[in-house]
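S.K.: Give the three-dimensional model of this entry:
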Amino acid sequence: MKPITLVKLGGSTVRSPSLRSWIAAIELAVEPVVVVPGGGPFADTIRRHQAQLGYDDATAHEMSVLAMEQFGCVLLNLSRRFVAADSEETIATALETGRVPVWLPRKMVMSAHEIPQDWTVTSDSLSAWLQTRLDARNLCLVKLIDVPKNSSVDALSRAAVVDMAFPTMISHDALLYIAGPADLGSAGRRFSVGDVPGQLIPTSAGSTSGDSVEAAE
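M.R.: The predicted structure follows:
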C-alpha cells in the first residue's frame, strides 16, 4: 500500500462555495486519500441544545460523531469517486480499488475508550487518532482561514483553529498540513501529482512559534 493521506474537510465548508471545489480537487488524487468529514453545523446544533435539554458531554460526544456521519453522507452524495467506509477493513478495500473512502466514524470511535468523550475532542483530534490507526503519512486539515507561517500546533489549539486535545493526539511523526482558501487554487494539481496542499505545521515536541493565530471554525 502506498502512503496514505487523510484529508479532513472542516464541517464549516458546508456553508462555503469552496466545498465542491475541494471535492473536485480530492477526486484528482493519484495517491491513496481518506476523507474525514467534520461536524460543522450539524455539531453546532448539538452544542446549542445541550444546555436546554440537559444531556451530558458523553452523549454530546456520540451525537457529534453522528454529526460527522451526516456531513459524510453529504460528501458521498456529491462525488462519484467517494465511498462510505466505517472500519479499517472497508477503508483498505476502498483504497485498493482506487476509490476515496469517506470515514463514517461512529463504529470505530465509540469502541475506542482511550478517546475522551467531551468537547475537548472534535473531528480534528479524531482525524489525528485515525491517522495513527492507519499509519497514514499525511494529515491535511482543510479550514476556512489561512494560518500564519511558522504556526505551531499549540498556538493553533489556543486559538481554537484545532481543538484542545489535538496537540496530545497528533503523532510527532505525522506530517501535518493546514490548507486554507489560498491553497484551493493549486490543490487539484498538488493532489494529481501526489503532493499535499497546505502549510506544513511542525508536530515534534518543543516546536514553538511566536506568531499569533486568530480563531476560526
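
S.K.: Okay, Leu126 and Leu6: tell me how far apart.
M.R.: Taking C-beta to C-beta, to the nearest Å as the measure, Leu126 falls 10 Å from Leu6. Heads up, the C-betas are built off the backbone N, CA and C, glycines and all.

S.K.: Surely Pro3 touches Asn138?
M.R.: Yes - using C-beta atoms under 8 Å, Pro3 is in contact with Asn138, at 7.2 Å.

S.K.: what residues does the least confident helix or strand in the chain by mean pLDDT touch?
M.R.: Ranking every helix and strand in the chain by mean pLDDT, DSSP states H and E puts helix 40-53 at the bottom, with a mean of 91. Helix 40-53 has contacts (C-beta atoms under 8 Å, 6 or more residues apart in numbering) with 10-15, 39, 60, 63-64, 67-68, 70-71, 119, 122.

S.K.: hang on, the earlier thing: got any residues that touch both of Leu126 and Leu6?
M.R.: Shared contacts of Leu126 and Leu6, defined by C-beta under 8 Å, 6+ apart, comprise Val36.

S.K.: More neighbours: those two, which one.
M.R.: Using other C-beta atoms under 10 Å, the more surrounded residue of Leu126 and Leu6 is Leu126, with 27 against 23.

S.K.: who does the one helix or strand that one maps to touch, helix- and strand-wise?
M.R.: Element membership of Leu126, judged by DSSP states H and E, is helix 123-134. Packing partners of helix 123-134 (3 or more C-beta pairs under 8 Å, 6 or more residues apart in numbering; DSSP states H and E): strand 5-9, strand 33-37, helix 57-77, helix 88-96, helix 106-109, strand 138-142, helix 166-169.

S.K.: how about low-confidence regions in this protein?
M.R.: Within the chain, the stretches with pLDDT under 70 are 1, 205-217.

S.K.: If anything else comes up later, I'll come back, but that's it for now.
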